[in-house]
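Peer 1: task: produce atomic coordinates for the following.
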Amino acid sequence: MDDLKGLIEIRDYKEEGNAPVIDFESWRVARTNYSKQADKENIAALSKHFFTDEVFVLLEGKAVLIVASGESKAEQIHCINMDKVKIYNVKKDVFHALATTRDGKILIVENKDTSIENSKATQLTDGQVEHIKSEINKYI
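Peer 2: As a prediction, this is how the structure comes out:
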C-alpha cells in the first residue's frame, strides 16, 4: 500500500453518528451510521442548509429520508424509503432528516463549509412526529 501514497486516500468510518471522512477544496464526503438521533423513536427535529444541496446514498441497512417544505418550520412532510446505492439529492433550503435501522450506513456529499451557522433546525409538533413515525413504520 505504500506505493499508493499520494495517489489515493482510503477512509472508513465505523463509529455511531455522523462524521466528515474526506474534505477537498469546496466539497466534503461524510458517513452517517445509526445513532440514537436517527432512531425512528427519537425524530424530533428537521434541519436545512441555506447554501448547499446534500446528497445521501444508502450503503447498508434500511433508511427513510424525511423531507419537508416550509420557510421557518416544517409544513408538508414526506417520508421516502431509501433504496440501496440510489442517489438522493436534497435541495438547499429543504428541511430533512434521516431515520435508519441499527445496521444503517449512509454516504453524504455536501459543501465543505456546511455547518450550524449556515443551517436552520426546526422542532416538529407532536402531530408531525406521530405522522413521521407512522410513515417510517411502513418501511423500517
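Peer 1: so what's the residue nearest the centre of the chain closest to, chain neighbours aside?
Peer 2: For the chain, residue 98 is the residue whose C-alpha lies nearest the centre (Cα atoms, centre = their mean; 5.0 Å). In space, not counting the residues next to it along the chain, residue 98 is nearest to residue 38; the distance is 5.2 Å by Cβ to Cβ, 6 or more residues apart in numbering. In short, each C-beta sits where N, CA and C put it, glycine included.
Peer 1: for the protein, which segments count as strands?
Peer 2: With DSSP state E as the criterion, the chain has strands at 17-24, 27-33, 45-49, 54-60, 63-68, 77-81, 87-90, 95-100, 105-111, 119-123.
Peer 1: could you dump those to CSV with distance to residue 134 and mean pLDDT?
Peer 2: Converted to CSV, the strands of the chain look like this (distance: least, Cβ to Cβ, whole Å; pLDDT from 0 to 100):
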stretch, distance to residue 134, mean pLDDT
strand 17-24, 25, 93
strand 27-33, 23, 95
strand 45-49, 16, 97
strand 54-60, 21, 98
strand 63-68, 11, 98
strand 77-81, 9, 98
strand 87-90, 21, 98
strand 95-100, 12, 97
strand 105-111, 22, 97
strand 119-123, 19, 96
